[in-house]
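**Q** Pasted the sequence and its predicted model underneath.
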Amino acid sequence: MKLTGAQILIKMIRAEGIDTIFGYPGGAVIDIYDALAKQNGLKHILVRHEQGAVHAADGYARANKSVGVALVTSGPGATNTVTGIASAYLDSIPMVVFTGQVPTALIGNDAFQEVDIVGITRPCTKHNYLVKDVSKMAATIKEAFHLARSGRPGPVLVDLPKDIVQTAVEFKEPKEIVLKSYRPNYKPNKKQLAKVVEAIARAKRPVIFAGGGVILSQASEQLTQLARMTNIPVTASLMGLGAFPGSDPLWLGMLGMHGTYRANMSIGNCDLMIAAGVRFDDRVTGNVKKFAPDARIVQIDIDPTSIHKNIEVQCPIVADCKTALEGIIELIKEKDAASFSPDTTAWHKQIAEWKKTAPLKYEQGKDVIKPQFVVEKLFEVTRGEAIITTEVGQNQMWAAQYYHFDKPNHFITSGGLGVMGFGLPAAIGAKAACPDKIVVDVAGDGSIQMNIQELMTAVESKIDVKIVILNNQYLGMVRQWQELFYNKNYSSTNMENAPDFVKLAQAYGATGLRCTKPEDVEATLLKGLNTPGTVIMDFAVDREESVYPMVPAGGAITEMLLV
Amino acid sequence: MKINSYLLSILVDDEPGVLSRISGLFSGRGFNIDSLSVAKTADQNVSRVTMVTKCDAHIIEQIKKQLNKLINVITVNDLTDKKYVQRELSLIKVNAQPEKKAEILRIVDIFRCKIVDVGLSHYTIEVSGDREKQDAILSLLKPMGIIEIASTGAIALARENA
């Protein structure tokens, strides 16, 4: 059977089990769009800006535990994807981005809407391709998906010249992908696992530190089982939230710059850290010289470059988190209770004291809404069941601190790159993947304006997302730093000149609600969540509320500013 | 941290953009490349990159791991502490005034180099050897007046057991 490059593309995406892609047409991909309109197996969601397509694919991948796909045209279409790709790269999100390209004969001639997107995205993709021969198209696409989802996942870009997608060729099913230079190591070294079990048996002050890798390898169940059977408390990075139930008594809260006091103190004082699927980002470690100074560190990661990069570890395990954790659990089960009963009573007592000393706190008065209160109420009224996406800044940290995630794949945030404008398109992607879930974008008034055009996407495609704006009329996180470290010189962070978000929602055909009083918070949330369609809930919150606790950049994580 | 010179022999898929992936990795992560040499191997689909880099022991571990992570990199062999043969090739165009010609020829003879181009007032000398030999002959030719130099950078192969 002869198929055009465009038809092969659609067929190969479907073969990967993907039912929805996000994109924006243009001259170089017009043939692909022509083919898309003539089939009904693959749904296409038309975004309003290519950056939105990539963030939506990111949200889709995370909520669906699969690969997100974006399709854009050449030139500006392609360059507009770069922020989204870089975000997915830093968060290790499986994604394939297809970009149109000028016809092969014109490549290199500075043609209209030509850009070297393969060159531009080389440092922010796991790998990328320029397809120069239609007979290699199917195999290249299959390889792209294989790379995106295997090993340490990440975004892969495939650049498709216009003449390649136009050309018809006899379709041959591509063979299984075997790459001699790419064989991720999934299986842990047994001896290393035995060392971990020994270390747990000896430890007096153990902590488990979970990262995004636990969620990516779908190892939450194993992590939870290990923690409970060994009675070891658990903390997580921002990307690891939901890997361990936030309602479990062993939960310490998030670690790092805005982590809880007890989580940071536990890491600062532990004698054993079992780090799974983390890369020791600077927002987690603070001053690396003072990070977990007394700890023997076990690090499980599928990517060898994550090990010894920022932090020296004593027991590295290069493997899939799930397989490694399963191995550790099996070895512990083989031990009899008498020889394996670590004594950590004093440690748990100490942690309970830290919890009492400085819990997460805010005071909700009668007059002004506290942003934390909105997030906590949102948690209550959704019973913790919603998928939460965030923008970046204070909104992101309050969502992380006050929405107590019990399950993985429910917190979707741009962790590594920190992209403002991520939350709304990511929410659209998540809702497209999980139509039965409530999906809420916790936003700030600054960041929501960065991809506000995607409201139209949500309304048009009937993808109902709920947007909670914590509106303090500031770029709050930068303002907070200016308050603390720059003598309150609020340079360019005042956002008082803002659109009326209620009218803005209405202009897009969505519903807009505003709330200015603490007593109306719950009712507004209930109304917004129960109103069909996309809804903006604009909460006027305390303008100068800050995120605490806080570790000043470069400080030790145990030296926190506590309100 | 102690800075050492490391010699890496890297096999890569012979595909467009591979060199740029490697050099981009170095510039993006702030690693140094002292010299770099690329050519095909006996296998038409595989090229060998020989690279000299100066860094500390911690960084070289990252460099090797990051190189291995590139999809088109097949193997990374750190020859630094192994037995290997290494060569560099230089072409040195040197000012050859009549009264200096005899001395230049003597130097060429001592170093077992070749004269590959002769003019009325210059010689072009081909030197092959390790870095030390290159440096030694350069220091002797310098007083004559060096006009131009082209150098390959190091290439190397691990020694097999005899």
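**A** Everything's here; your move.
**Q** The helix of greatest length in chain B packs against which elements?
**A** The helix that spans the most residues within chain B, counting by DSSP state H, is helix B:57-69. Where contact means 3 or more CB pairs under 8 Å, 6 or more residues apart in numbering or on different chains; DSSP states H and E, helix B:57-69 is packed against strand B:4-13, helix B:18-28, strand B:46-55, strand B:73-78. Yep, even glycine has a C-beta here, placed from its N, CA and C like the rest.
**Q** can you list the domains in the chain?
**A** All of this is about chain A. Chain A breaks down by automatic domain parsing into domains covering A:2-170, A:190-357, A:371-540.
**Q** was after chain B, sorry
**A** Per automatic domain parsing, the domain ranges recorded for chain B read B:4-78, B:85-158.
**Q** And the residue of the stretch 301-450 of chain A closest to chain B?
**A** The minimum distance from the stretch 301-450 of chain A to chain B, using CB to the nearest CB, falls at residue A:305 (4.4 Å).
**Q** Now do the same for the nearest residue to that residue once chain neighbours are set aside: its pLDDT.
**A** Leaving aside its chain neighbours, residue A:305 sits nearest to residue B:65 (4.4 Å; criterion: CB to CB, 6 or more residues apart in numbering or on different chains). Per-residue pLDDT puts residue B:65 at 97.
**Q** same check, this time on residue A:297
**A** Predicted confidence (pLDDT) for residue A:297: 98.
**Q** buried stuff in stretch A:541-550?
**A** Within stretch A:541-550, the residues scored as buried using 16 or more other CB atoms under 10 Å in any protein chain shown are A:541-542, A:545-550.
**Q** so which of the residues you listed also contact chain B?
**A** Subset of these in contact with chain B: empty, counting by CB under 8 Å from any CB of the partner chain.
**Q** can you list the residues of the stretch 251-400 of chain A near chain B?
**A** Counting by CB under 8 Å from any CB, the stretch 251-400 of chain A comes close to chain B at A:303-305, A:308-309.
**Q** ok, so of those residues, who is nearest residue A:526?
**A** Among those, residue A:303 lies closest to residue A:526 (CB to CB), at 43.5 Å.
**Q** what about that closest one, how many residues close to it?
**A** Close neighbours of residue A:303, defined as other CB atoms under 10 Å in any protein chain shown, add up to 19.
**Q** Contact partners for it?
**A** Neighbour list for residue A:303: A:151-152, A:279, A:318, B:69 [criterion: CB atoms under 8 Å, 6 or more residues apart in numbering or on different chains].
**Q** Give the phi and psi angles for it, as a check.
**A** Note on residue A:303: backbone dihedrals following degrees, to the nearest 10 are phi -100, psi 110.
**Q** tell me the pLDDT at it?
**A** Note on residue A:303: pLDDT of 97.
**Q** Could you check how far it is from residue B:79?
**A** Distance of residue A:303 to residue B:79, computed by CB to CB, to the nearest Å: 25 Å.
**Q** so is the residue lying farthest from the centre of chain A in a helix, a strand, or just coil?
**A** What lies farthest from the middle of chain A is residue A:338; by CA atoms, centre = their mean that is 41.6 Å. Secondary structure, DSSP: H, G, I helix; E, B strand; the rest coil: residue A:338 is coil.
**Q** In contact with it, which residues?
**A** Taking CB under 8 Å, 6+ apart, one finds nothing in contact with residue A:338.
**Q** Can you report how many residues lie near residue 63?
**A** No chain was given, so I picked chain A. Neighbours of residue A:63 under the rule other CB under 10 Å: 24.
**Q** that's the wrong chain, I meant chain B
**A** As a burial measure, residue B:63 scores 23 neighbours (other CB under 10 Å).
**Q** can you check residue A:329 too?
**A** Applying other CB under 10 Å, we find 17 residues neighbouring residue A:329.
**Q** Now find how far off-centre the longest strand along chain B is within its chain.
**A** Assignment by DSSP state E gives strand B:84-95 as the longest strand of chain B. Put simply, strand B:84-95 sits 8 Å off its chain's centre (CA atoms, centre = their mean, to the nearest Å).
**Q** Pull up the pairing partners for that strand, direction included.
**A** strand B:122-129 (antiparallel), strand B:146-151 (antiparallel), strand B:155-158 (antiparallel) (DSSP bridges).
**Q** so who does residue 119 touch?
**A** You didn't pick a chain, so chain A it is. Contacts of residue A:119 (CB under 8 Å, 6+ apart): B:17, B:20.
**Q** not quite, I wanted chain B
**A** Contacts of residue B:119 (CB under 8 Å, 6+ apart): residue B:96.
**Q** Quick one: name the residues of chain A near chain B.
**A** So chain A meets chain B at A:118-119, A:122-123, A:126-127, A:130, A:147, A:179-182, A:303-305, A:308-309 (CB under 8 Å from any CB).
**Q** 7 Å instead?
**A** A:118, A:122-123, A:127, A:147, A:179-182, A:304-305, A:308-309 (CB under 7 Å from any CB of the partner chain).
**Q** Among those, which lie within helices?
**A** Among the residues of chain A next to chain B, the members found in helices (DSSP H) are A:118, A:147.
**Q** Going by neighbour count, which of the residues of chain A next to chain B comes out on top?
**A** Neighbour counts for these peak at residue A:147, which has 25 neighbours (criterion: other CB under 10 Å).
**Q** separation between that one and residue A:213?
**A** Residue A:147 is 17 Å from residue A:213, where distance means CB to CB.
**Q** so what's the closest residue to chain B within the stretch 151-300 of chain A up against?
**A** Nearest residue of the stretch 151-300 of chain A to chain B (CB to the nearest CB) works out as residue A:181 at 4.3 Å. Going by CB atoms under 7 Å, 6 or more residues apart in numbering or on different chains, residue A:181 touches B:13, B:71-74.
**Q** Need the pLDDT of it.
**A** Note on residue A:181: pLDDT of 88.
**Q** So for residue 16, what's the nearest residue that isn't a sequence neighbour?
**A** I'll assume chain A. Per CB to CB, 6+ apart, closest to residue A:16 is residue A:145, 4.8 Å.
**Q** please go with chain B instead
**A** Here the nearest residue to residue B:16 in space, its sequence neighbours aside, is residue A:130; by CB to CB, 6+ apart that works out to 7.8 Å.
**Q** Test my guess that that neighbour contacts residue A:159.
**A** Yes - counting by CB atoms under 7 Å, residue A:130 touches residue A:159, with 4.5 Å between them.
**Q** The two - which one has more neighbours?
**A** More neighbours surround residue A:159 than the other of residue A:130 and residue A:159, with 25 against 21 (other CB under 10 Å).
**Q** Could I get the average pLDDT for the helix or strand where that one lies?
**A** Residue A:159 belongs to strand A:155-161 when assigned by DSSP states H and E. Averaging pLDDT along strand A:155-161 gives 98.
**Q** Would you mind putting the CA coordinates of that strand into PDB?
**A** What follows is strand A:155-161, C-alpha atoms only, in PDB (Å, rounded to 0.1, in the frame of the first residue of the first chain):
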ATOM      1  CA  PRO A 155      11.500  15.200  24.400                       C
ATOM      2  CA  VAL A 156      12.500  14.100  20.900                       C
ATOM      3  CA  LEU A 157      12.000  16.400  17.900                       C
ATOM      4  CA  VAL A 158      11.400  15.200  14.300                       C
ATOM      5  CA  ASP A 159      11.800  17.700  11.600                       C
ATOM      6  CA  LEU A 160       9.700  17.000   8.500                       C
ATOM      7  CA  PRO A 161      10.500  18.700   5.200                       C
END
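**Q** quick one, helices of the stretch 251-400 of chain A?
**A** Applying DSSP state H, counting those that start in this stretch to the stretch 251-400 of chain A gives helices spanning A:261-269, A:282-285, A:321-334, A:345-357, A:371-381, A:394-402.
**Q** just to revisit the earlier point, and the next helix or strand past the strand holding residue A:159?
**A** Reading on from strand A:155-161 to the C-terminus, the next helix or strand found by DSSP H and E is helix A:162-166.
**Q** so what does that following helix touch, helix or strand wise?
**A** Counting contacts by 3 or more CB pairs under 7 Å, 6 or more residues apart in numbering or on different chains; DSSP states H and E, helix A:162-166 packs against helix A:5-15, helix A:30-37.
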